[in-house]
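Engineer: A structural model of the following input is requested.
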Amino acid sequence: MSELKLKGQTALITGGDSGIGKGIALKMAAAGANILVNYNSDKDAAEETVAQLKVLGASAICYQADVSDEADVQNMFREAVKHFGTIDILVNNAGLQQDAAFVDMTLKQWNKVISVNLTGQFLCAREAVREFTKRGARPEISKALGKIICISSVHEVIPWGGHVNYAASKGGIMMLMKSMAQELGGLKIRINSIGPGAIKTDINNEAWETPEAAEKLLKLIPYNRIGETEDIGNVAVWLASDESDYVHGTTLFVDGGMTLYPGFASNG
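Structural biologist: Model prediction:
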């Protein structure tokens, strides 16, 4: 990248050891940011990600924390501040699926997905806001006091049968983000979401790894290609940079047009 848009800034990326989170970490490191890679269970993957970030010239560490655990989250932010001095960017990315038909879904499955996907974003955002306001403005680094990017999904607006816990969590993220943006914008804390569509990651490879599966999936994508993690990473860098300083309280869908409901294209 010719211009280091995030030079001198530190990003804390939850679930940064793989998939979309790793894609964002790599792009932010290439843009000049220091990175804390949060992970829950795969230490080896997190350490490998850190090694790749260091090759790009970033200062990077990894930290294990369950984002749905308040004490874990608070300890992680303390470590970030201790190591880097502060944080400037939070990428609320950690999430999971535990799918079931509605009548078969257990309370445990419901609670687990809501706790990680939604409560985890609340806990991390709250600690980030506390750090931003405690630290104060750094106009030589960023126009905003701090930036929060919530990783949502096209399923904050598209219902998804068989995945009601996941869809509900993403709908919740939409209103969490908008409500935070409304409340905190006056403090110059800039908050937005990215809503990925179909992105090639290990967690969903069954949806695209065979030609038959890919053909079926592409029927949902007007732009006729499946996304890559770097597609999300590029948008995250822009949202974290001063180039998007007047973008606040919105979800930017990065989905090849999936939210256009392509089934209606020839069914008018």
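
Engineer: so where's the protein uncertain?
Structural biologist: By pLDDT under 70, the weakly predicted segments of the chain are 1-2, 268.

Engineer: now do the strands in it.
Structural biologist: 10-13, 34-39, 60-64, 89-92, 146-151, 189-196, 251-254 (DSSP state E).

Engineer: what about residue 41, distance to residue 231?
Structural biologist: Remark: distance between residue 41 and residue 231 (CB to CB, to the nearest Å) = 26 Å. (Each C-beta comes from the backbone N, C-alpha and C, glycine too.)

Engineer: neighbour-wise, which of those two wins?
Structural biologist: Neighbour count, other CB atoms under 10 Å: between residue 41 and residue 231, residue 231 has more, with 22 against 9.

Engineer: my read is that the more buried one contacts residue 199, right?
Structural biologist: Yes - counting by CB atoms under 8 Å, residue 231 does reach residue 199; the two are 7.1 Å apart.

Engineer: returning to that earlier point: ranking the strands of the chain by burial, who's on top?
Structural biologist: Comparing those by mean neighbour count (mean count of other CB atoms under 10 Å), strand 89-92 ranks first with a mean of 30.

Engineer: how about the contacts made by the closest residue to residue 260 other than its chain neighbours?
Structural biologist: In space, and not counting its chain neighbours, residue 260 is closest to residue 222: 5.6 Å by CB to CB, 6 or more residues apart in numbering. Residue 222 makes contact with 256-258, 260, 262, 265, according to CB atoms under 8 Å, 6 or more residues apart in numbering.

Engineer: filter those down to the buried ones.
Structural biologist: Neighbour-count burial (16 or more other CB atoms under 10 Å) applied to these gives 256, 258, 262.

Engineer: would you list those in TSV and tack on distance to residue 79?
Structural biologist: Formatted as TSV, those follow (distance: CB to CB, whole Å):
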residue	distance to residue 79
256	37
258	37
262	44
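
Engineer: ends of stretch 237-257, how far apart?
Structural biologist: Taking CA to CA, to the nearest Å, the first and last residues of stretch 237-257 lie 21 Å apart.

Engineer: tell me which residues of that stretch are tucked away?
Structural biologist: 237, 239-241, 244, 248-249, 251-256.

Engineer: pull the most distant pair out of those residues.
Structural biologist: 248 and 256 (24.8 Å; CB to CB).

Engineer: excluding covalently adjacent residues, which one is nearest to residue 159?
Structural biologist: Nearest to residue 159 is residue 167, by CB to CB, 6+ apart, at 6.1 Å.

Engineer: what about that neighbour, neighbour count?
Structural biologist: 20.

Engineer: who touches it in this structure?
Structural biologist: Per CB under 8 Å, 6+ apart, neighbours of residue 167: 155-156, 158-160.

Engineer: my guess is residue 217 meets residue 208, correct?
Structural biologist: Yes - assessed by CB under 8 Å, residue 217 is found in contact with residue 208 at 5.7 Å.

Engineer: anything in contact with each of the two?
Structural biologist: Common neighbours of residue 217 and residue 208 (CB under 8 Å, 6+ apart) are 198, 226.

Engineer: more crowded one of these two?
Structural biologist: Neighbour totals were compared for residue 217 and residue 208, and residue 208 leads with 19 against 16 (other CB under 10 Å).

Engineer: distance check, the more buried one against residue 45.
Structural biologist: Per CB to CB, residue 208 is found 21 Å from residue 45.
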